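1. Predicted model, plus sequence, below.
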Number of protein chains: 2
Amino acid sequence: MSKHWERDLANLHRHILAMAGAVEEAIDLGLRALRERDATLSRQVVDGDAAIDAEENFVDNECLKMLALHQPVAGDLRRVVAVLRINTDLERMADLAAHIAERAAVLAALPPVPLPAQVGPMADLARAMVRGSLDAFVALDVRLARRVIAADDEVDRHNREAIDELVDGMRASPEAVLAFLSVFSVTRHLERIADHATNIAEDVVYLVEGEIVRHRPNGGADPL
Amino acid sequence: MSKHWERDLANLHRHILAMAGAVEEAIDLGLRALRERDATLSRQVVDGDAAIDAEENFVDNECLKMLALHQPVAGDLRRVVAVLRINTDLERMADLAAHIAERAAVLAALPPVPLPAQVGPMADLARAMVRGSLDAFVALDVRLARRVIAADDEVDRHNREAIDELVDGMRASPEAVLAFLSVFSVTRHLERIADHATNIAEDVVYLVEGEIVRHRPNGGADPL
């Protein structure tokens, strides 16, 4: 396609990479708010979500403009449609990061309960997957995309262990059930962020190889 | 646009309406599996998800074909892009319905715990919202779309009450925490199905009126 097209595409890439960076930061700050029981920091993450929502609208409109103006076909068409999809995934990931921060604020007002050891590694993996899935898309790097997909199994494993710990905690301290349930929601949100990154990585594999790797037999099973 | 376009659009509508019907049925059967502790019925719902996944791929491809072939602009372009988005929402709703059925199978193997009274009304509302959001899209019926969006608040209210009941149940019977947690997941899945229907209804309002009603200030707040 034309230089104009290449420039528009590069512009789209810049925007979705920036959104991914904002999601990574929101996860990071949400986790810090959780660990430090910092309701102010939590508020900051929740308020920051509006900027990502605005970006989502912007990217959506840019994609529509590109479709109307350049009327791309084949691979170019698939790429723009993939950006539309990725844009939605990014916005949902940002919502989930904000939800983690909301849980941090709730937990800061409750007597403390121990966080499962897996929360840290899950957050680190989720952030790396967000970054990796976007990098894989921009570079159409299938090997990186497949690493992201593989990392999701690791997240699921951590998640199952975290759930076991939380169930033990609730059984041992029924008076703290509400707090444990909030922590359970945090791990679920992290797991879902990883799922969205996996969606993106699966789109990359499809774009490059034409193989549908979505709907893996057990990939979609619900951990709890 | 041409007759060919109208025919292709009507065909798309038929497919997404059929998907919505399958999602409604999966919710219905999942709830029945839950109530009757029927692991066989649960299996049937989980197995049925593959057909909806196949439909999703089909609709995606049809949309890409329509974009490449007709190169629509303005309102027509927005409609096809909306179908792409709705298609994703429908596939996720089907996954969530399958997750409800998975929970039903887990619960069937555990000593029974009482289901919160709100589960039934939540499922009924969720199903009506799935149907309503799709009907609103096909007919571009903004009033119906706004009713779907309003129903989401009702779902959230039921959900909060259900959570209170579940927390009380866990406190009173800590040995049954795992079962209560599975019921908690069911209510969360129902709430998320309603959220996806709300996404679709919000897209309809945007298509018709150009008003972005997504990202409502408190609409996205996490119930727990």
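-> The structure has been received and is ready for your questions.
2. Per-residue pLDDT of A:Met1, please?
-> A:Met1 is assigned a predicted lDDT (pLDDT) of 69.
3. Please, which helix or strand holds the residue nearest in space to the middle of chain A?
-> Closest residue to the average C-alpha location of chain A: A:Ile193 at 3.2 Å, with CA atoms, centre = their mean. A:Ile193 belongs to helix A:177-209 when elements are defined using DSSP states H and E.
4. follow-up on the earlier one: give the contact list for the nearest residue to the residue nearest to the centre of chain A once chain neighbours are set aside.
-> On the basis of CB to CB, 6 or more residues apart in numbering or on different chains, the spatially nearest residue to A:Ile193 that is not a chain neighbour turns out to be A:Ala126, at 4.6 Å. Quick note: C-beta positions are derived from backbone N, CA and C, even for glycine. By CB atoms under 8 Å, 6 or more residues apart in numbering or on different chains, the residues touching A:Ala126 are A:27, A:155, A:190, A:193-194, A:197.
5. farthest-separated two in those?
-> A:Ile27 and A:Val155 (12.5 Å; CB to CB).
6. Between the two, which contacts overlap?
-> A:126, A:190.
7. how many neighbours does the residue nearest to A:Ala197 when sequence neighbours are not counted have?
-> Excluding its sequence neighbours, the residue lying closest to A:Ala197 (CB to CB, 6+ apart) is A:Met129, at 3.7 Å. Using other CB atoms under 10 Å in any protein chain shown, A:Met129 has 29 other residues around it.
8. in which helix or strand would I find A:Met129?
-> For A:Met129, the element it lies in under DSSP H and E is helix A:119-139.
9. Can you mark which positions in that helix are buried?
-> The neighbour-count check on helix A:119-139 (16 or more other CB atoms under 10 Å in any protein chain shown) flags A:119, A:121-123, A:125-138 as buried.
10. Distance from the chain centre to it, please.
-> 8 Å (CA atoms, centre = their mean, to the nearest Å).
11. any weak-confidence spans in chain A?
-> Residues of chain A meeting the criterion pLDDT under 70: A:1, A:215-221.
12. rerun at 80
-> A:1, A:211-224 (pLDDT under 80).
13. Would you map the helices across it?
-> Here chain A has its helices, by DSSP state H, at A:3-36, A:39-70, A:74-108, A:119-139, A:142-172, A:177-209.
14. is it possible to export those helices to CSV including distance to B:Arg32?
-> Below are these laid out as CSV (distance: least, CB to CB, whole Å):
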stretch, distance to B:Arg32
helix A:3-36, 38
helix A:39-70, 37
helix A:74-108, 30
helix A:119-139, 34
helix A:142-172, 26
helix A:177-209, 25
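15. which residues sit in contact with the residue nearest to A:Ala197?
-> A:Met129 neighbours (CB under 8 Å, 6+ apart): A:148, A:151-152, A:155, A:193-194, A:197-198, A:201.
16. backbone phi and psi for the residue nearest to A:Asn57 when sequence neighbours are not counted, please?
-> Distances taken as CB to CB, 6+ apart place B:Ile212 nearest to A:Asn57, at 6.3 Å, with adjacent residues excluded. Dihedral pair for B:Ile212: phi -80, psi 110, per degrees, to the nearest 10.
17. Just give me the neighbour total for B:Ile212.
-> B:Ile212 has 16 nearby residues by other CB under 10 Å.
18. hang on, the earlier thing: how big is the angle separating the helix holding A:Ile193 from helix B:74-108?
-> Interaxial angle, helix A:177-209 versus helix B:74-108 (axes from the mean of the first three to the mean of the last three CA atoms, to 10 degrees): 130 degrees.
19. what residues are up against A:Ala128?
-> Applying CB under 8 Å, 6+ apart to A:Ala128 gives the contacts A:Ala151.
20. residue contacts, A:Ile109?
-> Actually, residue A:109 is Ala. It isn't Ile. A:Ala39.
21. Phi first, then psi, for it.
-> A:Ala109 adopts backbone torsions of phi -100, psi 0, taken as degrees, to the nearest 10.
22. wait, isn't the residue nearest to A:Asn57 in contact with B:Tyr206?
-> Yes. Look at B:Ile212 against B:Tyr206 with CB atoms under 8 Å: they come within range, at 5.8 Å.
23. Would you quantify the distance from the residue lying closest to A:Gln44 once chain neighbours are set aside to A:Leu115?
-> Closest residue to A:Gln44 apart from its sequence neighbours, by CB to CB, 6+ apart: A:Leu29 at 6.8 Å. Look at A:Leu29 and A:Leu115: by CB to CB, to the nearest Å, they are 16 Å apart.
24. tally of neighbours for A:Glu91?
-> As a burial measure, A:Glu91 scores 23 neighbours (other CB under 10 Å).
25. and what of A:His4?
-> 11.
26. Repeat that for A:Glu175.
-> A:Glu175 has 10 nearby residues by other CB under 10 Å.
27. residues contacting the residue nearest to it when sequence neighbours are not counted?
-> Nearest residue to A:Glu175, sequence neighbours excluded (CB to CB, 6+ apart): B:Arg171, at 6.9 Å. Neighbouring residues of B:Arg171 by CB under 8 Å, 6+ apart: A:174-175, A:177.
28. sorry, back to before: and the gap between the residue nearest to A:Ala197 and A:Met122?
-> From A:Met129 over to A:Met122 the distance is 10 Å, taken as CB to CB.
29. And A:Asp95, by the same measure?
-> Going from A:Asp95 to A:Met122 by CB to CB gives 18 Å.
30. before we move on, the earlier item: and the contacts of A:Ala126 as JSON lines, adding distance to B:Leu224?
-> Formatted as JSON lines, these follow (distance: CB to CB, whole Å):
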{"residue": "A:Ile27", "distance to B:Leu224": "19"}
{"residue": "A:Val155", "distance to B:Leu224": "21"}
{"residue": "A:Leu190", "distance to B:Leu224": "15"}
{"residue": "A:Ile193", "distance to B:Leu224": "17"}
{"residue": "A:Ala194", "distance to B:Leu224": "20"}
{"residue": "A:Ala197", "distance to B:Leu224": "24"}
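31. what's the neighbour count on the nearest residue to A:Arg85 once chain neighbours are set aside?
-> Spatial nearest neighbour of A:Arg85, chain neighbours left out: A:Asp203 (6.2 Å); criterion: CB to CB, 6+ apart. Neighbour count of A:Asp203, defined by other CB under 10 Å: 25.
32. hang on, isn't A:Asp203 packed against A:Ala136?
-> No. With contact defined as CB under 8 Å, A:Asp203 does not reach A:Ala136; the gap is 9.4 Å.
33. residues contacting A:Ser182?
-> A:Ser182 neighbours (CB under 8 Å, 6+ apart): A:103, A:106-107, A:110, B:224.
34. With A:Met19 as the reference, measure out to it.
-> A:Ser182 sits 27 Å away from A:Met19, going by CB to CB.
35. ok, A:Met19 to A:Leu190 distance?
-> For A:Met19 relative to A:Leu190 (CB to CB), the value is 18 Å.
36. Of these two, which one has the most company?
-> Neighbours were counted for A:Met19 and for A:Leu190 using other CB under 10 Å; A:Leu190 has more, 29 against 25.
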